[in-house]
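1. I would like to see how this sequence folds:
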Amino acid sequence: MIKTVLLFLITVIPSLSAWAQTDSLSQQTVYEFAQEAPQFPGGGTAWYQYLQTNLQYPPNALKAGLEDRIFVNFIVTQQGKITDVHALKHPNKVYNPDLVREAERLIRNMPTWIPGKVGGRTVASRFNMPVTFSLK
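-> Numbers count the residues shown, from 1 in each chain. The predicted model follows:
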């Protein structure tokens, strides 16, 4: 019984911390959940500063007084480059296309990240990042 439990723990627990898929375009393994998540260089404070400096509120959205939070999914490669950028769709909501384009542009133009790690080695991994448009 103890051997069965140990075998289960040894084989199942590590697989829960890092799930991977092969990206059909680049033929690279992309982890959905890395043991060590990728990081924006400089952390949360640097991310906020990047947003403040680089976000360009779309004129039509600004004029209409639109505010929203767009979640953007992307891959951080083993080299820390950003690829496969796309806004996530919400089942009950339609986002303003100008805000979506700006959120994707902002993510696409980010500096090189610190890549995620699995088993101590750098890996390509998916990441979701919110981009908030606020007039306050």
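2. Not counting its own residues, what contacts the longest strand along the chain?
-> Secondary structure of the chain per DSSP state E: the longest strand is strand 121-133. Strand 121-133 is contacted from outside by 18, 20, 23, 28-34, 37-38, 51, 55, 57, 61, 66-78, 88, 99, 102-103, 106-107, 115-117, using C-beta atoms under 8 Å, 6 or more residues apart in numbering. Quick note: C-beta positions are derived from backbone N, CA and C, even for glycine.
3. Check stretch 33-43 too.
-> The contact list for stretch 33-43 (C-beta under 8 Å, 6+ apart) reads 17-19, 46-47, 49-50, 76, 80, 110-119, 123, 125, 127.
4. Check those residues for burial and list the buried ones.
-> 18, 50, 76, 80, 110, 113-118, 123, 125, 127 (16 or more other C-beta atoms under 10 Å).
5. show me where this protein has strands.
-> Along the chain, counting by DSSP E, strands occupy 19-22, 29-33, 68-76, 82-87, 116-118, 121-133.
6. Lowest mean pLDDT across the ones you listed, which one is that?
-> Lowest mean pLDDT of the strands of the chain: strand 19-22, a mean of 50.
7. Around Leu135, count how many other residues there are.
-> By the criterion of other C-beta atoms under 10 Å, Leu135 has 9 neighbours.
8. Please determine how far the nearest residue to Gln28 once chain neighbours are set aside is located from Leu88.
-> Sequence neighbours aside, Ala124 is the residue nearest to Gln28 in space, at 5.3 Å (criterion: C-beta to C-beta, 6 or more residues apart in numbering). According to C-beta to C-beta, to the nearest Å, Ala124 stands 19 Å off from Leu88.
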